[in-house]
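Chemist: Sequence first, predicted model second:
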There are 2 protein chains.
Amino acid sequence: MTPDATPALDPVIAGRLTRDGNGLVAAIVQQHDTREVLMLGWMDDEALRRTLTEGRVTFWSRSRGQYWRKGDTSGHVQHVRSVSLDCDGDALLVQVDQVGAACHTGARTCFDGRDLGAHPGGGAAAAGGAAAAGGVRG
Amino acid sequence: MTPDATPALDPVIAGRLTRDGNGLVAAIVQQHDTREVLMLGWMDDEALRRTLTEGRVTFWSRSRGQYWRKGDTSGHVQHVRSVSLDCDGDALLVQVDQVGAACHTGARTCFDGRDLGAHPGGGAAAAGGAAAAGGVRG
């Protein structure tokens, strides 16, 4: 090992990533046992390196422009169980054990109670009404 | 109804979207009963409108620059069960009933067999080896 080695994402993995214009890939976070989809975050190479090696999920916050290790302020940490990269390299599936709420609102997932009212064959008005009222429709 | 009305995404829903620089939001597709995460796609307003109203999932293909209704060529259609928008408006969770393989490779999901070998406390070399060999580690 060279004495000045800086931690970097494994080049084999880095070579498989298809990053967007901001150098990011999408990261879907799923509870490993219940299979709930908890949230979507974003990772650059360094966030992915930390997530693969540190046992906790780290994102790149697009709004704040900084790394964000989930749970450092809220206590709602995400323990990494596995990370997979999809066939075209632009999306990660991160299986975790989520402590507490995944959403900053306090909801278990960032999608809870946010159904848009899909309605095959129906009109647009019904969906808007459901969305405006925060209604949930199967 | 005005005679020249062109179908458009409900403005209440459109107002909740946080689109990226290309006008897109991420769409996580999940099998409604097994809760497998099948794939990640991208939608603009029109793709979302079609998905909400037509009973089948339509994406915007970033690589081909056109709408893409899943299954039109492969037969592997995705029947929409529900669509939810996350708390900050940049990700959709689309619950579907997937016919056949979700991945263009023929795999059930786009993440199957693509584990990156997360290894808390371990070295980077192990992950690279596993990724290069296509190995799966829990």
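Modeler: Alright, I've got the coordinates. Numbering: from 1, shown residues only, chains lettered A, B, ... in the order given.

Chemist: my guess is A:Gly23 contacts A:Met43, does it?
Modeler: No - A:Gly23 is beyond contact range of A:Met43, at 9.6 Å (criterion: Cβ atoms under 8 Å). Heads up, the C-betas are built off the backbone N, CA and C, glycines and all.

Chemist: Compare the two and say which is more crowded by neighbours.
Modeler: Neighbours were counted for A:Gly23 and for A:Met43 using other Cβ atoms under 10 Å in any protein chain shown; A:Met43 has more, 26 against 13.

Chemist: Not counting sequence-adjacent ones, nearest residue to the more buried one?
Modeler: A:Ala27 (4.9 Å; Cβ to Cβ, 6 or more residues apart in numbering or on different chains).

Chemist: residues in contact with that neighbour?
Modeler: Contacts for A:Ala27 (Cβ atoms under 8 Å, 6 or more residues apart in numbering or on different chains) come out as A:Leu40, A:Gly41, A:Trp42, A:Met43, A:Leu48, A:Thr51, A:Val57, A:Phe59, A:Ala91, A:Leu92, A:Val94.

Chemist: Report the buried residues of stretch A:18-35.
Modeler: Residues of stretch A:18-35 classed as buried: A:Leu24, A:Val25, A:Ala26, A:Ala27, A:Ile28, A:Val29, A:Gln30, A:Gln31, A:His32 (neighbour count, 16 or more other Cβ atoms under 10 Å in any protein chain shown).

Chemist: how much space is there between the residue nearest to A:Met43 and A:Ala118?
Modeler: According to Cβ to Cβ, to the nearest Å, A:Ala27 and A:Ala118 sit 25 Å apart.

Chemist: what about the helices in chain A?
Modeler: Ranges of helices within chain A are A:11-14, A:45-54, A:124-132, based on DSSP state H.

Chemist: pLDDT weak spots in chain A?
Modeler: A:1-4, A:121-138 (pLDDT under 70).

Chemist: one more time with 80, if that's ok
Modeler: A:1-6, A:121-138 (pLDDT under 80).

Chemist: For it, which segments count as strands?
Modeler: In chain A, strands defined by DSSP state E lie at A:25-31, A:37-43, A:58-61, A:66-69, A:78-85, A:91-98, listed in chain order.

Chemist: Report how many residues lie close to the residue nearest to A:Pro7 when sequence neighbours are not counted.
Modeler: Residue nearest to A:Pro7 in three dimensions, not counting chain neighbours: A:Arg49, with 6.4 Å by Cβ to Cβ, 6+ apart. For A:Arg49, the neighbour count with other Cβ under 10 Å is 20.
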